[in-house]
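Asker: I need the structure of the sequence given here:
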Amino acid sequence: MFESFDAILLARIQFAFTISFHFIFPAFSIGLASYLAVLEGLWLKTGKQLYMDLFKYWLKIFAVAFAMGVVSGIVMSYQFGTNWSVFSDKAGPVIGPLMAYEVLTAFFLEAGFLGVMLFGMNRVGKNLHFTATVMVALGTFISAFWILSVNSWMQTPVGHEIAPNGQFVPGESWWAIVFNPSFPYRLVHTVTAAYLTTAFVVGGVGAWHLLKDKANPHARKMFSMAMWMAALVAPVQIFAGDLHGLNTLEHQPVKVMAMEGHYDSHPDGAPLILFGIPNSAEKRVDYAIEIPKLSSLILKHDLNAPLAGLDTIPDADEPPVGIVFWSFRIMVGIGFAMLAIGLWSLLARFRKKLYDWPWLHRAAIVMGPTGFVAVIAGWITTEVGRQPYTIYGLLRTADSASPLAAPAVAASLVAFVIVYFAVFSVGTWYILRMMKTAPHAHEKGVKSTETGPVRTAGITPGLAQKNAPAFDADEKGEA
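Answerer: Numbers count the residues shown, from 1 in each chain. As a prediction, this is how the structure comes out:
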């Protein structure tokens, strides 16, 4: 049945499917971990129970999202060995140590403090618990740091040497590999996207509950904090994205050609194609709606600056233009929609109507999941735009795959689709169910051993209960 399918294409589809599922959860947990640290910090500073209620409300959601992120990411490492063994063999001396650093720093940091963060609220002091929350947030950032360093090296490979056996090996300095030319831009752009994604989820949940009860203080605080994030960070993200685009033009010009839909070179200023249908067979964008010379102004800051097109590139080196063209526009469109919501919220705040404009709240609900769409669209732009290479300009995708038959890859792909949809659909449903319930005063956190007998090594239940510090006074509203 699957003999007519290409094994490499199936392997690419499988990797795209699994990483798309996985990317959703870290994009949420990176931002949510930082949001939890902010909430707990504000609670410690102000003593307001409201912040602790919100902390406990989102802590439960974070626990589920973090768990699904870990589970969905496990299979990624196995695919490098099963479907992409040639790539693993050739690039392993470079990317292997970087991935090991991610485990030794970020994963150990998260694993060491996650239990305290989730279950230690009534077992450790307030300051230690806050430290654990900050460490988990820091761990998610460090994890993103190393993963994006690996990906950026694959996009802009430097600092390596090629051994006689064809392997990529480190050169004189690891710093050149880690801090490769595209890494700083990709790190800022991706992490900021994670923060915005979380902000719009929080804002959407707050808006949902404001429509039901605009006097709900927890919903008001959530919505207000999220809209501040949208108003302040969305412009920063657009600016960071522009810098990232200029860096991509310098180091991966073919990707930019595909993003812009420039099949032809423009010696006296390139137009910005807003919409159209890329036609790679005829080398043109059909039904193009464009603004003359604006692409040159954006990319070169000169209306008449020349820009090369895909006509200067061999057909075998072109990425799939249609996919890159539209994924880029989806990402950019959502970015400007986020900016519009942020500006709308500033107007409402200025007029003291932030909690009284239902259409703003409805728009925030609609925008709630769009951050996930934007990060997936951005990932597609980055990865598909790199084709036909796994290591840009040096190792082709066709030369990176394992020598597998198409039916074997297809069988595992079908299994992944079935299992992922079954498992993660339930998890997502459960998260949405928790979000549907409005936060309230004296919110209960993740259930810990306080609900039953405490049995830890060397500590009797009575002594553990007696020595538990904790947040009991605050939970009674005394702080």
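
Asker: average model confidence for the longest helix along the chain?
Answerer: Counting residues, the longest helix found in the chain (DSSP state H) is helix 7-46. Here helix 7-46 scores 89 as its mean pLDDT.

Asker: for stretch 310-329, same thing?
Answerer: For stretch 310-329, the per-residue pLDDT averages 92.

Asker: With stretch 116-132 instead?
Answerer: 88.

Asker: in it, what's buried?
Answerer: By neighbour count on 16 or more other C-beta atoms under 10 Å, the buried set for stretch 116-132 is 116-124, 126, 129-132. In this view, the C-beta of every residue, glycine as well, is placed from N, C-alpha and C.

Asker: Which neighbouring elements make contact with whichever helix or strand comes after the longest helix of the chain?
Answerer: Moving toward the C-terminus from helix 7-46, the next helix or strand (DSSP states H and E) is helix 49-82. Under the contact criterion of 3 or more C-beta pairs under 8 Å, 6 or more residues apart in numbering; DSSP states H and E, helix 49-82 touches helix 7-46, helix 85-102, helix 108-119, helix 217-251, helix 406-436, helix 472-475.

Asker: could I get the ones you listed as JSON lines with distance to residue 348?
Answerer: Below are the helices and strands packed on helix 49-82 laid out as JSON lines (distance: least, C-beta to C-beta, whole Å):
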{"stretch": "helix 7-46", "distance to residue 348": "22"}
{"stretch": "helix 85-102", "distance to residue 348": "41"}
{"stretch": "helix 108-119", "distance to residue 348": "34"}
{"stretch": "helix 217-251", "distance to residue 348": "8"}
{"stretch": "helix 406-436", "distance to residue 348": "23"}
{"stretch": "helix 472-475", "distance to residue 348": "32"}
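
Asker: Okay, buried residues for stretch 84-92 please.
Answerer: The neighbour-count check on stretch 84-92 (16+ other C-beta under 10 Å) flags 84-88, 90-92 as buried.

Asker: so residue 13 makes contact with residue 413?
Answerer: Yes. Applying C-beta atoms under 8 Å as the test, residue 13 and residue 413 come out as touching, 6.4 Å apart.

Asker: of the two, who's got more company?
Answerer: Between residue 13 and residue 413, residue 413 has the larger neighbour count (other C-beta atoms under 10 Å), namely 20 against 17.

Asker: For burial, what's the neighbour tally of the nearest residue to that one once chain neighbours are set aside?
Answerer: Distance criterion C-beta to C-beta, 6 or more residues apart in numbering; nearest residue to residue 413, sequence neighbours excluded, is residue 14 at 4.4 Å. Residue 14 has 22 neighbouring residues, counting by other C-beta under 10 Å.

Asker: quick one: contacts for residue 14?
Answerer: When contacts are counted by C-beta atoms under 8 Å, 6 or more residues apart in numbering, residue 14 touches 79, 83, 409, 412-413, 416.
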